[in-house]
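Novice: pasting the sequence and the predicted model now:
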Amino acid sequence: MADDVNGAVSERPRVVVGISGASGVIYGLRALEALRELGVETHLVATKAALLTLSQETELSADDLAARADVTHRLADVGASIASGSFRTLGMIVAPCSVRTMSEIATGVTSSLLTRAADVTLKERRPLVLMVRETPLHLGHLRTMTALAEMGAIIAPPMPAFYARPASLEEVVDQSVGRALDALGLNWSSTRRWTGMRPG
């Protein structure tokens, strides 16, 4: 259960969705769509770079993105509900997560609502799932990931699961999104599960 802005109790679970400027905005879009299918209330915050990536990688507008969320927060609105630990959620997913965003979260010196919300998620000991989109990784990246993992974040780079035998790019994306949602305790029907080796 979660408290709404008036202090009443809502039965609907909430998840914060952050979208940063790394390539792969489709992961954030599909996460929002999946959470809607699951009946989860979504609170979206996207960076300016994310909106630029949206325009480059899709035919969608910022309004189209916002329409996929229940609530959209302005990046500069550090007084928004999701900036407080008393605003209860199941956790947060950043999809995709740029190295800049990852690094800012790791330092705890947050300059936007996205990274503030992530910091709040960590301090409240809620799941923070970071779908980091970068390759190859240098030692600084790896050390930052280690620091975040030690703080309790879940580093979940989107990786194709070929055992699921995806037949399309959409299935590859959905599998990565589904596995990221697993880390929030959510079971999305589009996630293909390993059931053991096929008979030889």
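Specialist: On my side now, so go ahead.

Novice: all helices for this protein, in order.
Specialist: Taking DSSP state H as the test, the helices found in the chain are 25-37, 48-57, 62-67, 99-107, 113-123, 139-151, 169-182.

Novice: relative to G196, which of those helices is closest?
Specialist: Minimum separation from G196 across the helices of the chain (C-beta to C-beta) falls at helix 169-182, 17.5 Å. Where you see a C-beta, it was placed from the backbone N, CA and C, and this is true even at glycine.

Novice: in the closest one, what's buried?
Specialist: Using 16 or more other C-beta atoms under 10 Å as the test for burial, helix 169-182 gives 172-182.

Novice: tell me the confidence at L29?
Specialist: Per-residue confidence (pLDDT) for L29: 98.

Novice: how many neighbours does it have?
Specialist: Using other C-beta atoms under 10 Å, L29 has 22 neighbouring residues.

Novice: okay, S10: pLDDT?
Specialist: The model's pLDDT for S10 equals 60.

Novice: which positions within stretch 82-98 qualify as buried?
Specialist: In terms of neighbour count (16+ other C-beta under 10 Å), stretch 82-98 has its buried residues at 82-83, 87, 89-98.

Novice: could I get those as TSV with distance to L75 and pLDDT?
Specialist: What follows is these, written out as TSV (distance: C-beta to C-beta, whole Å; pLDDT from 0 to 100):
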residue	distance to L75	pLDDT
I82	12	98
A83	12	98
F87	17	98
T89	18	98
L90	22	98
G91	20	98
M92	15	98
I93	17	99
V94	13	98
A95	16	98
P96	16	98
C97	15	98
S98	14	98
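
Novice: nearest to R14 among the residues you listed?
Specialist: Each of the buried residues of stretch 82-98 was scored against R14 by C-beta to C-beta, and T89 proved nearest at 4.4 Å.

Novice: for the nearest residue to the closest one once chain neighbours are set aside, give its distance to A153.
Specialist: Among residues not flanking T89 along the chain, R14 sits closest, at 4.4 Å (C-beta to C-beta, 6 or more residues apart in numbering). Counting by C-beta to C-beta, to the nearest Å, the gap from R14 to A153 is 19 Å.

Novice: can you list contacts of stretch 150-164?
Specialist: Applying C-beta atoms under 8 Å, 6 or more residues apart in numbering, the set of residues contacting stretch 150-164 from outside is 24, 27, 95-96, 105-106, 122, 125, 127-133, 145, 148-149, 166, 171-173, 175-177, 179-180, 183, 192, 194.

Novice: can I get that stretch as PDB, trimmed to CA atoms?
Specialist: Provided in PDB are the C-alpha atoms of stretch 150-164 (Å, rounded to 0.1, in the frame of the first residue of the first chain):
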ATOM      1  CA  GLU A 150      27.900  -2.100  -2.200                       C
ATOM      2  CA  MET A 151      25.200   0.600  -1.500                       C
ATOM      3  CA  GLY A 152      22.500  -1.800  -2.500                       C
ATOM      4  CA  ALA A 153      21.800  -0.900  -6.100                       C
ATOM      5  CA  ILE A 154      21.100  -3.600  -8.600                       C
ATOM      6  CA  ILE A 155      23.200  -3.200 -11.800                       C
ATOM      7  CA  ALA A 156      21.200  -4.800 -14.600                       C
ATOM      8  CA  PRO A 157      22.700  -4.000 -18.100                       C
ATOM      9  CA  PRO A 158      20.200  -5.000 -20.800                       C
ATOM     10  CA  MET A 159      21.600  -8.300 -22.100                       C
ATOM     11  CA  PRO A 160      20.000 -10.500 -24.800                       C
ATOM     12  CA  ALA A 161      18.900 -13.900 -23.500                       C
ATOM     13  CA  PHE A 162      19.400 -16.200 -26.400                       C
ATOM     14  CA  TYR A 163      18.000 -19.200 -24.500                       C
ATOM     15  CA  ALA A 164      14.600 -17.600 -25.000                       C
END
